[in-house]
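> model this:
(chains A, B, C and D)
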2 protein chains.
Amino acid sequence: MEPAQIDPTRERLLDEAEKLFALKGFDAVSVREITSRAESHLSAVNYHFGTKKNLYLSVFEERWIPRARRVATKLDVLEKNNVTSVEVMVHTLAEAFMRGFGDDRERLMHQQLIQREMSHPTEALEMIAEQVTKPVFLRLKNMIVSHQPSQNNGEDMFLCLFSVFAQIFFFNFGRNMVSLLTGREYDPAFRDQVVDHITNFSLYGLNGRLTES
Amino acid sequence: MEPAQIDPTRERLLDEAEKLFALKGFDAVSVREITSRAESHLSAVNYHFGTKKNLYLSVFEERWIPRARRVATKLDVLEKNNVTSVEVMVHTLAEAFMRGFGDDRERLMHQQLIQREMSHPTEALEMIAEQVTKPVFLRLKNMIVSHQPSQNNGEDMFLCLFSVFAQIFFFNFGRNMVSLLTGREYDPAFRDQVVDHITNFSLYGLNGRLTES
DNA sequence: GTCTATAGCAGGATAGAC
DNA sequence: GTCTATCCTGCTATAGAC
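Sure thing, here's the model as predicted:
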């Protein structure tokens, strides 16, 4: 099925499709728009992917999931060095997802795609859950609980991990609201501030903030 | 502009439009679908709202914003009773947004609409920020800092409030992913568990969980 | 294999009967 | 004011020229 030789037209189609699906969502994007941006032709999509829907799923198979796996390798160093500090773990995690992509645009695109899938799942969400989210969460859970005297069960730790990811997602997809209320732009300084905030909030919650001297 | 007498056709159109826009998003919904569910006719939308876009904005003006204000009144009792416990505040806040709607469907619809606006803003987001989010956040910030010896500035407290809302949003719009990973359904028991989790995580973060005996 | 042409259908908006 | 009929545009998918 996969061509041994990479087809550059097919690659451009996947690139532009991913950008547009993230920006506007499946229904708001036309195949014509994708092909014209990819400097290709309407029927090239049909030739390479059969249908628009299958192009969408291919974006996840061939772009999104490999990228998510790449970002997840940022956690390898923690395991290799046998890091025991939860603070370092959470900071690494937050930084990996807030800054561990090629650039800001790529990170936003990546997270807008998963956000759409989470609120309106297609076949892609199950692929992602099985191949990415579940393995990553299990690794994180084991890293944390193996160094801690906690009696928490796995489900409770999963909820905590969701709370960390919830913040990462919110500060990306909700950046418009955040900017409207804080008056801050998403420049590198603010992003660093957000990473520190997520780390501190996830570790100590509100009490840590309110009682610090 | 507003009719003194409420037009039942107009009301049904707003009701069905809100449901469908929340479920599928602006582009994926056709006016024909809205009018057929409202047992009305295609041109009724044109007559009452002019355009599809204006119907969408009217949903926020006449449904979403009034509902958000209604939910926000759940915070009044805290001010009236001069509550000083941050734990009570956060729990009230989480419960108001996790359970303080007519029913589960209404809450999900409400939060899917704001989620879409946050990631892809239209004129509606500015209305919401001005008329709902900013006033609520200011109230919450003042309630918390007026009882605390904290030196935190307002911006930092805003980030904390975003982190609380981030979790509320995530456990709603991301419920598919949460269910896939935990195997739990969103029954009332799980929702109570989530409210408690958000309260605890927001107050004490991971450390509170890991060091509890 | 690439691209043109087009089938076949659904969309938003409107005009006009009543 | 309500509803039918229709316009025009844009869509996906396909057939077939080259």
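
> pretty sure A:Leu108 is touching A:Asn172, no?
Yes - assessed by Cβ atoms under 8 Å, A:Leu108 is found in contact with A:Asn172 at 6.1 Å. Every residue, glycine included, has its C-beta placed from N, CA and C.

> Now the lowest-mean-pLDDT helix or strand in chain A: buried residues?
Within chain A, no helix or strand scores below helix A:188-211, which has a mean of 88 by mean pLDDT, DSSP states H and E. With burial defined by 16 or more other Cβ atoms under 10 Å in any protein chain shown, the residues of helix A:188-211 counted as buried are A:190-191, A:194-195, A:197-210.

> out of these, who's near chain B?
A:194, A:197-198, A:200-210 (Cβ under 8 Å from any Cβ of the partner chain).

> Just the C-alphas of stretch A:165-179, formatted as CSV.
The C-alpha trace of stretch A:165-179 is given here as CSV (Å, rounded to 0.1, in the frame of the first residue of the first chain):
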residue,chain,number,x,y,z
PHE,A,165,-2.8,17.8,30.0
ALA,A,166,-6.0,19.7,30.5
GLN,A,167,-4.0,22.8,31.3
ILE,A,168,-1.6,22.3,28.4
PHE,A,169,-4.6,22.0,26.0
PHE,A,170,-6.4,25.0,27.5
PHE,A,171,-3.4,27.3,27.3
ASN,A,172,-3.1,26.4,23.6
PHE,A,173,-6.6,26.2,22.2
GLY,A,174,-7.9,28.8,24.6
ARG,A,175,-5.1,31.3,23.9
ASN,A,176,-7.6,33.8,22.4
MET,A,177,-9.6,33.9,25.6
VAL,A,178,-6.4,34.0,27.7
SER,A,179,-5.1,37.0,25.7
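
> which residue is nearest the centroid of chain A?
Centroid check for chain A by Cα atoms, centre = their mean gives A:Gln111 as the closest residue, at 4.4 Å.

> Tell me the secondary structure of that one, please.
What DSSP: H, G, I helix; E, B strand; the rest coil gives for A:Gln111 is helix.

> Apart from its chain neighbours, what residue comes closest to A:Phe137?
Using Cβ to Cβ, 6 or more residues apart in numbering or on different chains and skipping residues adjacent in sequence, the residue nearest A:Phe137 is A:Leu161, 5.6 Å away.

> Do a quick rundown of the helices in chain A.
For chain A, applying DSSP state H gives helices covering A:8-24, A:31-37, A:42-49, A:52-59, A:65-72, A:76-80, A:86-99, A:104-119, A:123-128, A:134-145, A:154-173, A:175-182, A:188-211.

> quick one, which of the ones you listed is packed in tightest?
With neighbours taken as mean count of other Cβ atoms under 10 Å in any protein chain shown, the helices of chain A reach their highest mean count in helix A:154-173, at a mean of 22.

> near DNA strand C, which residues of chain A show up?
Listed as neighbours of DNA strand C in chain A under the rule Cβ under 7 Å from any atom of the strand: A:9, A:40-44, A:47.

> Turn the residues you listed into TSV, including distance to B:Glu18 and pLDDT.
Output for those, formatted as TSV (distance: Cβ to Cβ, whole Å; pLDDT from 0 to 100):
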residue	distance to B:Glu18	pLDDT
A:Thr9	42	91
A:Ser40	39	94
A:His41	40	94
A:Leu42	35	94
A:Ser43	39	94
A:Ala44	39	96
A:Tyr47	41	96
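
> Rebuild these as CSV, extending it with distance to A:Thr133.
Converted to CSV, the residues of chain A next to DNA strand C look like this (distance: Cβ to Cβ, whole Å):
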residue, distance to A:Thr133
A:Thr9, 32
A:Ser40, 33
A:His41, 36
A:Leu42, 35
A:Ser43, 35
A:Ala44, 32
A:Tyr47, 33
